[in-house]
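Novice: Structure, please.
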Amino acid sequence: MLNTTFDWKEIDSLIRLLHAYGIRYLMGNGSSEDQEEEHVEPVHLIQRLAGCGYPLVENASIALFLLHPELALSVREALDQSSGDLAENIAVLTLATLYLQQW
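Specialist: Numbers count the residues shown, from 1 in each chain. Sure, this is the predicted structure:
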């Protein structure tokens with residue numbers, strides 16, 4: 001049995017940030033409503049998405065990259081600044097985006 005604990009405030013915060021980028025198919029639980037989300041640099045957002053561990057939110061990076069190709073340099077920078085599992089997740093999400101663009 002899978003026993004994973006998620007940071008629901010972080011997930012909700014990421015969903016709100018995705019909404020600002022036009023990714024609106026995810027619904028948060030409102031746990032971050034009271035927190036005023038300041039501007040998040042794209043590199044940091046990409047790293048947060050890749051590291052959140054919640055597959056629906058993590059995989060929303062693909063939609064983000066498809067809708068906002070101008071983030072390509074930020075993806076490269078996030079990959080360069082990351083290591084281990086985080087770098088691997090960013091690379092996998094980027095490859096998935098590239099494959100979908102060619103589909």
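Novice: Give the buried residues for the helix ranked longest in the chain.
Specialist: Of all segments of type helix in the chain, defined using DSSP state H, the longest is helix 84-102. Buried residues in helix 84-102, counted by 16 or more other CB atoms under 10 Å: 86-87, 89-90, 93-94, 97. C-beta here means a position set from N, CA and C on the backbone, and glycine is covered the same way.
Novice: Determine the set of other helices and strands touching it.
Specialist: Packing contacts for helix 84-102, counted by 3 or more CB pairs under 8 Å, 6 or more residues apart in numbering; DSSP states H and E, involve helix 42-51, helix 60-67, helix 72-81.
Novice: Which secondary structure elements does the first one sit against?
Specialist: So that's helix 42-51. So helix 42-51, by 3+ CB pairs under 8 Å, 6+ apart, packs with helix 8-20, helix 55-58, helix 60-67, helix 72-81, helix 84-102.
Novice: can I get the ones you listed in TSV with distance to residue 43?
Specialist: Output for the helices and strands packed on helix 42-51, formatted as TSV (distance: least, CB to CB, whole Å):
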stretch	distance to residue 43
helix 8-20	13
helix 55-58	16
helix 60-67	13
helix 72-81	5
helix 84-102	10
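Novice: can you tell me which residues contact the closest residue to residue 65 other than its chain neighbours?
Specialist: Nearest residue to residue 65, sequence neighbours excluded (CB to CB, 6 or more residues apart in numbering): residue 97, at 4.1 Å. Residue 97 sits next to 61-62, 65-66 when contact means CB atoms under 8 Å, 6 or more residues apart in numbering.
Novice: distance of residue 97 from residue 13?
Specialist: According to CB to CB, to the nearest Å, residue 97 stands 22 Å off from residue 13.
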